[in-house]
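*Asks:* Sequence and predicted structure, then a few things I'm wondering about:
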Amino acid sequence: MLRVGLTGGIGAGKSAVSARLAERGAVVIDSDVLAREVVARGTDGLAEVVRIFGESVLTADGDLDRPALGKIVFGDVDARRKLEAIIHPRVRARAAEIEAAAPAGAIVVHDIPLLVETGQADSFDVLLVVDVPVEVQVERLTAQRGMPDTEAKQRIASQASREDRLAVAGLVVDNSGRLEELDRRVGEVWAELVRRAGHGPDTKR
């Protein structure tokens, strides 16, 4: 098994890269998806969130009210750390379960937005960084997600810097161009991952 850590700043396009890797045969474990699962209605994770932050973080239906929780933790380091202490261990445990169930010899890609920030850079055989200039991140967040310019810049600033991610990268995917360029680059990266995994010729390009 080859364990790959995939990360990149908000708006960099990790999802586009992970989807293309999955098409080529990778087992993709998306930590954003798992982060939602571990605080879904009826989980002990959600019960712990409510115990720490109160009933105001629930919707009328008993689901987690993400905007309400976001207002509490955004900009409050202590509150964010409390939330991370609930979510991160559960996400890692679930990711380990999925990885353990992967076929022998699989290329397993862990898609983790805060991989560098949470000190996991040394936890993988290969660290793959999706990279774009900061101005491209801002443009995508404002144009595609409707985020105000100030909020977009705050979100970017709250993450590891571009330089910090590139400093620990084993492989880099430049996602600042057209989709066909991204397809080509992901194809090159996949061929390299296959080579490192010792699978021989790449048959899924």
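*Replies:* Nice, thanks for sending it over. None of these values were measured; they are calculated from a predicted model.

*Asks:* From here on, just use CA atoms for contacts and neighbour counts.
*Replies:* Will do.

*Asks:* Just the strands from the chain, written as ranges.
*Replies:* With DSSP state E applied, the chain shows strands at 2-8, 27-30, 107-111, 126-131, 171-174, listed in chain order.

*Asks:* What mean pLDDT does the longest one get?
*Replies:* The average of the pLDDT scores along strand 2-8 is 96.

*Asks:* ok, back up a step: tell me which of the strands of the chain sits nearest to Thr118.
*Replies:* Proximity to Thr118, assessed across these by CA to CA, is greatest for strand 2-8 (11.5 Å).

*Asks:* The closest one - which strands sit beside it in the sheet, and in what orientation?
*Replies:* strand 107-111 (parallel), strand 126-131 (parallel) (DSSP bridges).

*Asks:* Tell me which of these sits nearest to Ile86.
*Replies:* When these are ranked by proximity to Ile86 (CA to CA), strand 107-111 comes first, at 19.1 Å.

*Asks:* Could you export the strands of the chain as CSV, including distance to Arg41 and mean neighbour count?
*Replies:* Written out in CSV, the entries for the strands of the chain read as follows (distance: least, CA to CA, whole Å; neighbours: other CA atoms under 10 Å):
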stretch, distance to Arg41, mean neighbour count
strand 2-8, 28, 24
strand 27-30, 19, 21
strand 107-111, 24, 24
strand 126-131, 32, 24
strand 171-174, 36, 18
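
*Asks:* mind putting those in JSON lines, distance to Lys14 included?
*Replies:* Compiled in JSON lines, the strands of the chain are given as follows (distance: least, CA to CA, whole Å):
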{"stretch": "strand 2-8", "distance to Lys14": "6"}
{"stretch": "strand 27-30", "distance to Lys14": "10"}
{"stretch": "strand 107-111", "distance to Lys14": "8"}
{"stretch": "strand 126-131", "distance to Lys14": "6"}
{"stretch": "strand 171-174", "distance to Lys14": "9"}
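
*Asks:* buried ones in the lengthiest helix in the chain?
*Replies:* Across the chain, the longest stretch assigned as helix under DSSP state H is helix 77-100. Residues of helix 77-100 classed as buried by neighbour count (16 or more other CA atoms under 10 Å): Ala79, Leu83, Ile86, Ile87, His88, Arg90, Val91, Arg94, Ala95, Glu99.

*Asks:* ok, and the closest non-adjacent residue to Ala79?
*Replies:* Excluding its sequence neighbours, the residue lying closest to Ala79 (CA to CA, 6 or more residues apart in numbering) is Val73, at 5.1 Å.

*Asks:* Can you tell me how far the one you found is from Leu83?
*Replies:* Val73 sits 8 Å away from Leu83, taking CA to CA, to the nearest Å as the criterion.

*Asks:* can you check Leu58 too?
*Replies:* Using CA to CA, Leu58 is found at 15 Å from Leu83.

*Asks:* Give me the contact list for stretch 18-31.
*Replies:* Outside stretch 18-31, the residues within contact range by CA atoms under 8 Å, 6 or more residues apart in numbering are 6, 91, 95, 98-99, 102, 106-113, 183, 186, 190, 204-205.
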